[in-house]
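>>> Turn this into a structure:
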Amino acid sequence: MLGLGTIVLFGAALQKKAQKICTGIQVEIAGAAQNMFLDEKEVTGLLNLQQPVVGNSMNKTDLRALESFVEKNSWIQNAEMYFDNQQILQVKIVERQPVARVFLIGGGSFYVDSAGLRLPLSDKVSARVPVFTGFPSSQPILAKPDSILLEGIVNLAQYIQADSFWMAQIAQVNINGQSNFELIPMVGNQLILLGDGELLDKKFHRLSAFYQQALLQQGLNTYEKLDIRFDNQVVAVKTGSEKMQVDSARAKELIAQLANKVPPIPTTTELEKTEPVIKTETKPVIKPETKPAVAPVNKPALKKDIKTVPPKAKILVPKAVLPAIKKQNN
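As a prediction, this is how the structure comes out:
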């Protein structure tokens, strides 16, 4: 009788629980200390998307399947659900936190979280995170070089966010064609060459030391480029010096182009090889019809005329042509 009574009570309890219905939903969102990309209304809408939860039987609600469905949202990192004693569905959401906003070369942008997951933009909130420009790919599945670059973006963004000074000083980070980072400061006109996302502690330590020792003494706009990629040194380029080097190189290039356009002066050896040019130059000298107007043509006069030819004409007449000229005169 005791065992039979226990079974009856157990069955009654199960039947009573099966008849219980959900009376409400309570949502708690964690991980949104700075940004709130999700609110309770949106989470409740996700819970009721497949079927209404409130008013439905508790034992017909598959909490595990409901958690998996909610976690498909890009901004939800983790979801846990249970019914309390008041038959209220308790929902605990962990929201993803963006660490950087990345702009693509072809246009558009996205957020990226600490795990390297790309997140869509929100119409409600704009996160205050470091900005990166020039990311090369918008493909859903990134190639290995682009995946490595995205990891470097996450590391650099987290490093900047961890320091209040760098968070206030660095306005933007450019990605150049070699997938290296270039920092654009908020104060000053310098372009800071950082390189890849490795050894950030040493690189920013060199930059901080340079700020304290050089820029504060000579002025923030004294230098237009700072290179902190190399160990134990900061390569600083003064404002205007690069333009002078570029102008000098351009001038040398123009001079070289002009030199190539000027034809070379022919030598005597080259003139001997170019017979058509020599014949053209010698025709005015040996024309027989110009001689009678001055005096009869005879051998002494011809020799005299040949001697009075200007020196330049003599230079143009090669030795190989002289026998032919003498034969024609004779």
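
>>> For residue 108, which non-adjacent residue is spatially closest?
What sits nearest to residue 108 in space, not counting adjacent residues and going by CB to CB, 6 or more residues apart in numbering, is residue 138, at 6.7 Å. In this view, the C-beta of every residue, glycine as well, is placed from N, C-alpha and C.

>>> Now for the one you found, how many residues are close by?
Neighbourhood size, residue 138 [other CB atoms under 10 Å]: 14.

>>> Who are the contact partners of it?
104, 106, 108 (CB atoms under 8 Å, 6 or more residues apart in numbering).

>>> And residue 87, by the same measure?
Taking CB under 8 Å, 6+ apart, we find residue 87 in contact with 20-24, 58.

>>> Could you single out the nearest of the residues you listed to residue 147?
Of all the contacts of residue 87, residue 147 sits closest to residue 22, with 42.8 Å by CB to CB.

>>> So that closest one is in contact with residue 89, correct?
Yes. At 5.5 Å, residue 22 counts as touching residue 89 under the criterion of CB atoms under 8 Å.

>>> Look at these two and report which has more neighbours.
Neighbours were counted for residue 22 and for residue 89 using other CB under 10 Å; residue 89 has more, 23 against 18.

>>> pLDDT score for that one?
Note on residue 89: pLDDT of 93.

>>> Please, which helix or strand holds it?
Residue 89 belongs to strand 88-95 when assigned by DSSP states H and E.

>>> residues of that strand that come out buried?
89, 91, 93-95 (16 or more other CB atoms under 10 Å).

>>> picking up where we left off before, joint contacts of residue 22 and residue 89?
Counting by CB under 8 Å, 6+ apart, the shared contacts of residue 22 and residue 89 are 53-54, 61, 83.

>>> out of the residues you listed, which is most surrounded?
residue 53 (20 neighbours).

>>> Which of the three states applies to it?
Here residue 53 takes the coil state, with states given by DSSP: H, G, I helix; E, B strand; the rest coil.

>>> That one reaches residue 90, doesn't it?
No. Residue 53 is beyond contact range of residue 90, at 11.8 Å (criterion: CB under 8 Å).

>>> how does the chain divide into domains?
As assigned by automatic domain parsing, the chain contains the domains 15-95, 98-241, 268-329.

>>> ok, which stretches of this structure are helices?
2-18, 40-47, 63-70, 144-162, 164-169, 200-210, 216-218, 241-261, 268-273, 275-286, 299-307, 311-316, 322-329 (DSSP state H).

>>> tell me the mean pLDDT for the longest one?
For helix 241-261, mean pLDDT rounds to 56.

>>> Tell me the spacing between residue 209 and residue 234.
8 Å (CB to CB, to the nearest Å).

>>> what's the answer for residue 121, then?
Distance from residue 121 to residue 234, by CB to CB: 37 Å.

>>> More neighbours: which of these two?
residue 234 (19 against 14).

>>> OK, contacts around the residue nearest to that one when sequence neighbours are not counted?
Of all residues beyond its chain neighbours, the one nearest residue 234 is residue 210 (4.6 Å), with distances taken as CB to CB, 6+ apart. Counting by CB under 8 Å, 6+ apart, residue 210 makes contact with 226, 228, 234, 236.
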